[in-house]
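K.L.:
missing the sequence, but the structure's below:
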DNA sequence: CGTTACGTTGACAGAATTCAAAAGTAGTGG
DNA sequence: CCACTACTTTTGAATTCTGTCAACGTAACG
């Protein structure tokens, strides 16, 4: 555990921001009480590692606030992001003792943790938790497969456009709007993180961002604030009609 | 439904070859009886489409024998395989009405199907089914993420070596041996299917197969029978020490 | 003001795709 | 049995895209 880890007092489940979307979403009050009894909070600062691939992992957790990434690496250092944990997303796996991926906080992060053993017992006794977890896992699997299409078959330009379309859409959905026409949002990823996400080098990411800007598909204010004059045009550049549903 | 679809008589669950690995693996006799009451079999010939992406899908199913692929395509025809269904693998998703991927039989295929509605009801009443399904889905998610690393960061040569290592290992595990030293197996995929799997063109697949042969990493008898003189050498070529666990 | 992290750009090399042709394989029907 | 067709696979040559290496710019911060 890192020296910089910040201890935090526990909020109540009742006013938890992810109460209706996380693994506990379907729980009744009595079930919630059981979870409440075994939960504890941990927080991490931006940049900290939550866990290393291969390390023993005796807890599972939900992201309450912040963003974390899952990455895998080859021996020579090539790394690929394989998942993005947003608020309400679940991390860890019942029935496994070691972490399969590196988990890193990319922003300040608050996690609601459960010791694995008690959680597993609860899982077998509380169908509502197992059902919700199944649903969430199926969603993640769909997202991973959408991502595979991107990694395997899209050009660098299409990859960048896809990423921007996804982030833009998620941002719009937070503001309860359907993404269309003009759109603006902050991109909380470095060029390197984008590269790891898309299976590219950071130089290629930079080049394609410049190209999209030159072609009027996007505008940039500073490095991280993106303006999309025409969302449909961006979708065209992404190469798929369906605006692949991952990362919602 | 295709004209060529072959009707089949129903085997009993008791002597079903996937009884101990499929979604029904954890079921007690009484639970099995409930599943048995709603199951029916369908079979497909090699090359037939099981379902198209977007089509209404009112059943879920387990693969009993044979192999099927899940593929996604972009408008212009680029296609990426996003999943491989082997015996005991599960297809379909409770709580969804339309198929997200194309499913194609690559060999003759026998599936054990359940109408979705009754299956969903069973799922909420029978924790053993839900638990097993969760477990299988988590395994698939791990496999998908391993695959993402391959698609995003491996070279063509590493991709081919990885695929051969995986198929070889699965084949060895069927014979109850740990893969090591000399190994031989049939590769039930065309060059094009390999390409779709790995995010390459079929020409590149062919070239790299030739290169691995030239370098003594593999030997070929005919086009589809592969001999691996030294499994560890093949793993080296695959680029990851860990012999990524997917597709087991 | 130097240091550091992040981002952009250029030149070049290398990897993979594209286009094209030819060779191997399998199945069909005369 | 052979000719014919359709399909798969291999190989070559040229092109294109992306990665690599390197230089430079910019912003934040002590």
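P.N.:
That came through fine. The structure presented is a predicted model; accordingly, all values stated were derived computationally and were not measured. Residues are numbered from 1 along each chain as shown, chains lettered A, B, ... in the order given.
K.L.:
care to break chain A down by domain?
P.N.:
Following automatic domain parsing, one finds the domains of chain A at A:13-150, A:154-238.
K.L.:
pLDDT of the last one, averaged?
P.N.:
Confidence over domain A:154-238 (mean pLDDT, whole number) is 93.
K.L.:
what about the closest residue to residue A:105 other than its chain neighbours, distance to residue A:188?
P.N.:
Leaving aside its sequence neighbours, residue A:105 sits nearest to residue A:44 (CB to CB, 6 or more residues apart in numbering or on different chains; 4.1 Å). All C-beta atoms are positioned from the backbone trio N, CA, C, and that covers glycine. Residue A:44 sits 15 Å away from residue A:188, taking CB to CB, to the nearest Å as the criterion.
K.L.:
show me which of those two is the more surrounded one.
P.N.:
Between residue A:44 and residue A:188, residue A:44 has the larger neighbour count (other CB atoms under 10 Å in any protein chain shown), namely 24 against 12.
K.L.:
would you confirm that that one contacts residue A:103?
P.N.:
No: Residue A:44 lies out of contact with residue A:103 (CB atoms under 8 Å); the separation is 9.4 Å.
K.L.:
tell me, what's touching these two both at once?
P.N.:
A:50, A:68 (CB atoms under 8 Å, 6 or more residues apart in numbering or on different chains).
K.L.:
please identify the buried residues of the lengthiest helix in chain A?
P.N.:
Across chain A, the longest stretch assigned as helix under DSSP state H is helix A:127-153. Across helix A:127-153, burial judged by 16 or more other CB atoms under 10 Å in any protein chain shown covers A:127-138, A:140-153.
K.L.:
is it in proximity to DNA strand D?
P.N.:
No: figure legend: helix A:127-153 not in contact with DNA strand D (CB under 7 Å from any atom of the strand); closest approach 10.4 Å.
K.L.:
is that helix anywhere near DNA strand C?
P.N.:
No: Helix A:127-153 lies out of reach of DNA strand C by CB under 7 Å from any atom of the strand, never closer than 8.7 Å.
K.L.:
next secondary structure element downstream of that helix?
P.N.:
Where DSSP states H and E defines the elements, the next helix or strand beyond helix A:127-153 is helix A:156-174.
K.L.:
could you confirm whether that following helix reaches DNA strand D?
P.N.:
Yes: counting by CB under 7 Å from any atom of the strand, DNA strand D is contacted by helix A:156-174 at A:156-157.
K.L.:
name the helices or strands packed onto that helix?
P.N.:
Counting contacts by 3 or more CB pairs under 8 Å, 6 or more residues apart in numbering or on different chains; DSSP states H and E, helix A:156-174 packs against helix A:127-153, strand A:183-186, helix A:191-198, helix A:202-214, strand A:225-228, helix A:231-238.
K.L.:
and residue A:44, what's its pLDDT?
P.N.:
What the model reports for residue A:44 is a pLDDT of 92.
K.L.:
how near is it to residue A:30?
P.N.:
Taking CB to CB, one finds residue A:44 at 31 Å from residue A:30.
K.L.:
picking up where we left off before, next, the residue nearest to residue A:105: phi, psi?
P.N.:
Main-chain torsions, residue A:44, degrees, to the nearest 10: phi -130, psi 150.
K.L.:
distance of the closest residue to residue A:237 other than its chain neighbours from residue A:154?
P.N.:
Using CB to CB, 6+ apart and skipping the chain neighbours, the partner closest in space to residue A:237 is residue A:161 (3.7 Å). The spacing between residue A:161 and residue A:154, counted by CB to CB, is 9 Å.
K.L.:
between these two, who's got more neighbours?
P.N.:
Neighbours were counted for residue A:161 and for residue A:154 using other CB under 10 Å; residue A:161 has more, 25 against 22.
K.L.:
so the residue nearest to residue A:237 makes contact with residue A:215?
P.N.:
No: using CB under 8 Å, residue A:161 is not in contact with residue A:215; the gap is 10.5 Å.
K.L.:
hmm, back to that, please name the bridge partners of the residue nearest to residue A:105.
P.N.:
residue A:109 (DSSP bridges).
K.L.:
what of residue A:221?
P.N.:
Beta bridges link residue A:221 to residue A:225 when assigned by DSSP bridges.
K.L.:
looks like it contacts residue A:186 (just checking).
P.N.:
No: with contacts counted by CB under 8 Å, residue A:221 stays clear of residue A:186, the gap being 9.7 Å.
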